[in-house]
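**Student:** Sequence and predicted structure below; questions after.
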2 protein chains.
Amino acid sequence: MRIDGLQYAKWSEKIFRQMREGGVDAVHVTIAYHETFREAVLNLERWNSWFEAFPDLIMKGLTADDVERARSTGRTAIFFGFQNPSPIGDDIGLVEIFHALGVRFMQLSYNNQSLLAAGCYEEEDGGITRMGRQVIREMNRVGLVVDMSHSADRSTIEAAEISERPITITHANPHEWAPALRNKKADVIRAVTDAGGMLGFSLYPHHLKDKSTCSIESFCEMIARTADTFGTERFGIGSDLCQDQPDSVVEWMRTGRWTKEMDYGEGSATSPGFPPMPDWFQDNRDFANIEKGLRSVGMDDSEISAIMGGNWYRFFAENFGPR
Amino acid sequence: MRIDGLQYAKWSEKIFRQMREGGVDAVHVTIAYHETFREAVLNLERWNSWFEAFPDLIMKGLTADDVERARSTGRTAIFFGFQNPSPIGDDIGLVEIFHALGVRFMQLSYNNQSLLAAGCYEEEDGGITRMGRQVIREMNRVGLVVDMSHSADRSTIEAAEISERPITITHANPHEWAPALRNKKADVIRAVTDAGGMLGFSLYPHHLKDKSTCSIESFCEMIARTADTFGTERFGIGSDLCQDQPDSVVEWMRTGRWTKEMDYGEGSATSPGFPPMPDWFQDNRDFANIEKGLRSVGMDDSEISAIMGGNWYRFFAENFGPR
C-alpha cells in the first residue's frame, strides 16, 4: 500500500494516470491555502468535477476503507486538507461542515499567525489561541486531523498537548538533518509522536539536505535514523509534490492576499520559483525508488511497508471519524 | 412508520419531544427559503448544534436506512430541504456540495420566477429554464429530489417530464378540493404521479377546504378519493407544520428580500399572520388523529400505513442516492 501524506499538484489526467502507474492508493491533497469559505467550496466543486470526469482513476476518500476500495478497484483515493484555517474564518461551525464535505486535515496556521496558532515564520509564538483551543476540541469531536506542518514550535507542542487525538506534521523533515525553518526540531517531533501522532517525510527540495541535489541515500538514511529514534510506526511520506504548478502558485502560497510586498518564503529573490525536484523523485511514478532506497539502508519489508503507507492507513482508520 | 414530508417549525427541545410522543420517525425540514449560500450553510450549522445537543431525540438523516436507525433507537431522522433554489445561486456545482451536506429536496421555485422555474404566483409561466434543465439533470445524478410544491403548473409538468427520476410536491392538496393557488390541478398531479413521483397532503390551513375549520372527515375523505384516482402508493403527508413560528417568519417566507412592499401570499391584509391549525392537527402528537380519520373513511391498514410513512420511505430509498 502506498499513501502520500501531502501533494499540491496542478491536477490533470496526466497526473492521475501517473498516480496509477506509481501504485499510489491514496493521497492527501491540499485544497486551500488562503481561500475564503466560498473559494474553498469552489475548490471542492472542482474536485467533484474531476471525480465525475475520471471515475476510473480517482475517487473521493472519506475513510480508511476508501483506501481499500480504491486499491481493489485500481484507483487513487483523494483525501482533502487545508494548509491554513482561512476557510473557516472565525466560525467554528464550519469545522463540521467541512468534515461533512470530506476535509480530513487542517493546518492550524500557514507560516503566519492565524486565528488559531502561530506560523513557523513569525518571530513571536504565543502558542495556541483561545479560538485555537476550541477549534482543536471541535476537530477532535468530528474527526478532522490537526496538521502543524507550517506552524511554529511552541504552537505545535501545545497543539499536541491540547489535542485529545493524535496530531500530524504531514510534510516536513527533521531540522537536524536539514535546518530549514519549516523542518522540525527533535522536541517538536517528540511531542507529536509521543502523543501518537505522525510525521510525513517531505521531498520538497527546500526541506532536503542539499536541496534539489539531495541524494536518495541521504534521504533514506535520514528516514531510517529518525524511525530508529522515534519509532517506525510514527512516520510516513508527505511528498509535498507540487507537480506542474506555475511559479505564480508558489507566490500565491507565500503571499496570498496578506501582503502587498513579495515574500520569498523558503526561496529567495534570485530563486523565487518552485525548486526542481530531485532526479529520483520527479512524480508519482517514483515511489518505488524510495522503497528501494529504504531497503538499501537496511529497513526490512514490514518497516518499508509501514513507512510507504501502512502507518498512514492505520492513522486514517483511527482518526477520520467521530470519537 | 410515520414520516412527515415537510415541516418548518421554530425548532426546540419541546418540538423534538413532541415528535417522539407522536411517533414521528422522520421529517423533511425546510432549511432555506431566500437564503444565500452562506446563510443556508449557517442554517445547517444550527441543525448540527441541535444534533449535538439532543442526540437522544433527533439525528441527521441521509438515507432511508437512517429512518430505520432512528426508529430502532427511538429518535426522529431529520432530512433537509430548500423551498427555493436561492442557496445555489447560479452555481450548479453547489447541487453536489449541498447533497454532501445532507440536503435531499430542493424546490425549483418559491412562488416567484427563479433561475430554474416559474413560481405559482407568477402570471407568466415559461416552464423550466435553460439552467433549470441542467440543474434537474445534476439533481438526478447526485440524488437530490426535485420538489415543485410552490412552482407554477407548466413548470411542474415540464419538470416531471424532464427529470429522469421521480419528482415531488412535498406539501399541497388537490385544487379541486380547495382552490388555493398553491394547490394542484388534476393534470399536474397526474404528471407527477404518472412519473413515479409523490405528493404530500398539506395541513396548512390555506391549503384546506374551509381553512382552519376544515373537518378531519373532509380532509381524510379527500385523501381517500385522491388515492383512488391516482394510486395510493403516490401519496404521503407533508403537513407544512410551522409550529411556534412568529408572524415575522411568514413575512420572511413571503417577501424575503425580493420586494420592499408587503405581499400577503395566501393570507391577506386583515389576516397577515400564520393561520391557526385545525384543532385535530395542532402538532406532531396528532398524527394518530389522521390515522383514525383514514380508517373512518374506509382505508385499510396497509393503505393507511403507506400514506402515513411507507410511501415516503420507499421514495427515500429509491431517490436519495446517486443513480
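**Tutor:** Looks like it arrived, so ask away. Numbering: from 1, shown residues only, chains lettered A, B, ... in the order given.
**Student:** count of neighbours near the nearest residue to A:A100 once chain neighbours are set aside?
**Tutor:** Counting by CB to CB, 6 or more residues apart in numbering or on different chains, A:A100 lies nearest to B:L101, which is 5.4 Å off, once chain neighbours are set aside. Every C-beta, even on glycine, is put in place using the N, C-alpha and C of the backbone. Neighbourhood size, B:L101 [other CB atoms under 10 Å in any protein chain shown]: 22.
**Student:** Equivalent analysis for A:L208, please.
**Tutor:** 26.
**Student:** which ones are touching the residue nearest to it when sequence neighbours are not counted?
**Tutor:** Once flanking residues are discounted, A:L208 sits nearest to A:C214: 3.8 Å by CB to CB, 6+ apart. A:C214 is in contact with A:205, A:208, A:278, counting by CB atoms under 8 Å, 6 or more residues apart in numbering or on different chains.
**Student:** ditto for A:F201
**Tutor:** A:173, A:219, A:222-223, A:226, A:235-238.
**Student:** Show me which of the residues you listed is closest to chain B.
**Tutor:** Nearest to chain B, judged by CB to the nearest CB, of the contacts of A:F201 is A:G238 at 25.8 Å.
**Student:** From A:N173, how far off is the closest one?
**Tutor:** For A:G238, the distance to A:N173 (CB to CB, to the nearest Å) stands at 10 Å.
**Student:** in the strand or helix carrying A:S248, what's buried?
**Tutor:** Following DSSP states H and E, one finds A:S248 within helix A:247-255. Neighbour counts over helix A:247-255 (16 or more other CB atoms under 10 Å in any protein chain shown) mark A:249-251, A:253-255 as buried.
**Student:** Going by distance to chain B, which of those residues wins?
**Tutor:** A:V249 (21.7 Å).
**Student:** The closest one contacts A:K10, correct?
**Tutor:** Yes - assessed by CB atoms under 8 Å, A:V249 is found in contact with A:K10 at 7.3 Å.
**Student:** buried stuff in the helix or strand following the helix holding A:S248?
**Tutor:** With elements assigned by DSSP H and E, the helix or strand that comes after helix A:247-255 is helix A:287-296. For helix A:287-296, burial by neighbour count (16+ other CB under 10 Å) applies to A:287, A:289-291, A:293-294.
**Student:** okay, those residues in CSV with distance to chain B and pLDDT next?
**Tutor:** Converted to CSV, these look like this (distance: CB to the nearest CB, whole Å; pLDDT from 0 to 100):
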residue, distance to chain B, pLDDT
A:F287, 30, 98
A:N289, 37, 98
A:I290, 34, 98
A:E291, 35, 98
A:G293, 39, 98
A:L294, 38, 98
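**Student:** Please identify which of the residues you listed is nearest to B:V145.
**Tutor:** Ranked by distance to B:V145 (CB to CB), these are led by A:F287 at 43.2 Å.
**Student:** what's the distance between the closest one and B:A159?
**Tutor:** A:F287 is 49 Å from B:A159, by CB to CB.
**Student:** Also A:L199?
**Tutor:** 53 Å.
**Student:** For the closest residue to chain B within the stretch 51-200 of chain A, grab the count of nearby residues.
**Tutor:** Residue nearest to chain B within the stretch 51-200 of chain A: A:G93 (3.4 Å; CB to the nearest CB). Other residues near A:G93 come to 16 when the count uses other CB under 10 Å.
**Student:** Next, the contact list for it, please.
**Tutor:** B:42, B:45, B:48-49.
**Student:** go on, A:A159?
**Tutor:** A:A159 sits next to A:108, A:117, A:128, A:132, A:136, A:146, A:148, A:151, A:167 when contact means CB under 8 Å, 6+ apart.
**Student:** Using the three-state scheme, assign it.
**Tutor:** helix (DSSP: H, G, I helix; E, B strand; the rest coil).
**Student:** how about the helices of the stretch 1-150 of chain A, start to end?
**Tutor:** Ranges of helices in the stretch 1-150 of chain A, per DSSP state H, counting those that start in this stretch, are A:13-21, A:37-53, A:64-72, A:93-100, A:130-142.
**Student:** and the second one, anywhere near chain B?
**Tutor:** Pointing back at helix A:37-53 there. Yes - Helix A:37-53 reaches chain B (CB under 8 Å from any CB of the partner chain) through A:37-38, A:41-42, A:44-45, A:48-49.
**Student:** Can you tell me which of those residues has the most neighbours?
**Tutor:** A:V41 (24 neighbours).
**Student:** The closest residue to that one other than its chain neighbours: what's it in contact with?
**Tutor:** Distances taken as CB to CB, 6+ apart place B:I97 nearest to A:V41, at 5.9 Å, with adjacent residues excluded. B:I97 is in contact with A:41, A:44-45, A:48, A:101, counting by CB under 8 Å, 6+ apart.
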